[in-house]
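*Asks:* Coordinates only, no sequence provided:
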């Protein structure tokens, strides 16, 4: 926070320093320094006191009546509530209550200034058993998340717009000298600053509502813990915790001891060795292969690792089965099967090559077939064909049909 005394610092400078600490503690991923957080909390309390003394805000005003310079001081209770929640203290309940008070103060003031969305106001009015349904909470969370993303996008857009305008201003200043009286024209971004602070307030409201819900649940848990601790006493409570841990450790060791007989190392798989022996000729494919792969069972370890003795245990062990079809053989068995098929194919090819290289075509000039018939049959067929040709020559087509002869 610097070495300057907070009493001597003006309100804008004090607010800017606390804002930097808040950004470091909440937005950045660095560790939170408790001394810096406590100093920032004291500085924010000083800022809140100065804002009240100066009378910067009034309940009769609206958001349009607040000046752009004073808009940022609306965030003072929100910053103070978030930083208070990060303070480490023995009495966590008091820290949670203080953070809740500041966040509620911020939300109440924003509601008076008409900055709270209607959805949040309706949800706060309908605070009852019906509003606690999961559907209502889900819809409220979704709407709040959308507003938060919209505010973040708006702030990013304004930041990029300022950077572009700054680059163009510097470029124009180098080319064209700025005349006296034009400096205010270049820095006239009051409307943009006002828009940015409204977006920051909207973003802070979304985070404040989420933080309030979280602090409410944490407060309930802490109060229930304190109540139980006060009823049973510290010693009895801690003794119960220790006994519970001891019982769980003893049960774990007992179960581990009972599973030792099922966790013995299995015999090495020799399928790959057997396949290598077949490839190198030391074994034959037709030899018996003793190793058999059992189908995998996905189920409770107590049943899979142990011995399944009943149909009920077998069905329970097969509950968690994979969605895909399991293999019916191992990679080694598939290789042996393929090797057997290739051997048969090679034997068949060798047989075909032997038949192709044989000298059956040299034994006789004709292809092998049934025994040849006598030449007499061929001569008789040839004589019959010749007689038929002669008859066709002597009897032209249509001869003897008197009806086709024209009348004389």
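*Replies:* Yes, it's here. Since the structure is predicted, the reported quantities are computational estimates derived from the model, not experimental observations.
*Asks:* rest of the way, CA atoms for contacts and neighbours
*Replies:* OK.
*Asks:* Lowest mean pLDDT among the helices and strands, pick that one out for this protein.
*Replies:* helix 183-186 (a mean of 46; mean pLDDT, DSSP states H and E).
*Asks:* The nearest residue to residue 110 once chain neighbours are set aside: what's it in contact with?
*Replies:* Spatial nearest neighbour of residue 110, excluding adjacent residues (Cα to Cα, 6 or more residues apart in numbering): residue 116 at 6.0 Å. Contacts for residue 116 (Cα atoms under 8 Å, 6 or more residues apart in numbering) come out as 107, 110, 202, 205.
*Asks:* can you count the residues close to residue 71?
*Replies:* Residues near residue 71, counting by other Cα atoms under 10 Å, number 17.
*Asks:* so after the host helix or strand of residue 315, what's the next helix or strand?
*Replies:* Assessed by DSSP states H and E, residue 315 sits inside helix 311-317. Next along the chain after helix 311-317, taking DSSP H and E as the criterion, comes helix 331-356.
*Asks:* May I have the distance across stretch 316-323, first residue to last?
*Replies:* Taking Cα to Cα, to the nearest Å, stretch 316-323 runs 17 Å from one end to the other.
*Asks:* what mean pLDDT would you report for it?
*Replies:* Averaging pLDDT along stretch 316-323 yields 68.
*Asks:* Give the other helices and strands that the next helix or strand after the least confident helix or strand of the chain contacts.
*Replies:* Sequence-wise, the next helix or strand downstream of helix 183-186 (DSSP H and E) is helix 190-232. If contacts are counted by 3 or more Cα pairs under 8 Å, 6 or more residues apart in numbering; DSSP states H and E, helix 190-232 sits against helix 92-112, helix 134-175.
*Asks:* so which of those comes closest to residue 343?
*Replies:* Closest of the helices and strands packed on helix 190-232 to residue 343 is helix 134-175, at 67.6 Å (criterion: Cα to Cα).
*Asks:* Which secondary structure state is assigned to the residue nearest to residue 110?
*Replies:* Assigned by DSSP: H, G, I helix; E, B strand; the rest coil, the conformation of residue 116 is coil.
*Asks:* How about the backbone phi and psi for it?
*Replies:* Per-residue torsions, residue 116: phi -90, psi 130 (degrees, to the nearest 10).
*Asks:* Got the confidence number for it?
*Replies:* pLDDT at residue 116 comes out at 85.
*Asks:* what does residue 245 give?
*Replies:* We have a pLDDT of 79 for residue 245.
*Asks:* That one is in what secondary structure piece?
*Replies:* With DSSP H and E as criterion, residue 245 is part of helix 234-258.
*Asks:* quick one: residue 106 and residue 68, what's the gap?
*Replies:* Applying Cα to Cα, the value for residue 106 to residue 68 is 18 Å.
*Asks:* swap that for residue 95, please
*Replies:* Counting by Cα to Cα, the gap from residue 95 to residue 68 is 32 Å.
*Asks:* same check, this time on residue 281
*Replies:* Residue 281 is 93 Å from residue 68, by Cα to Cα.
*Asks:* try residue 52
*Replies:* In this view, residue 52 and residue 68 are 18 Å apart by Cα to Cα.
*Asks:* Would you mind telling me which of those two has more residues around it?
*Replies:* residue 68 (17 against 12).
*Asks:* now the stretch 251-400 of the chain, which segments are flagged as low pLDDT?
*Replies:* 253, 256-280, 282-309, 317-318, 320-322, 359-376 (pLDDT under 70).
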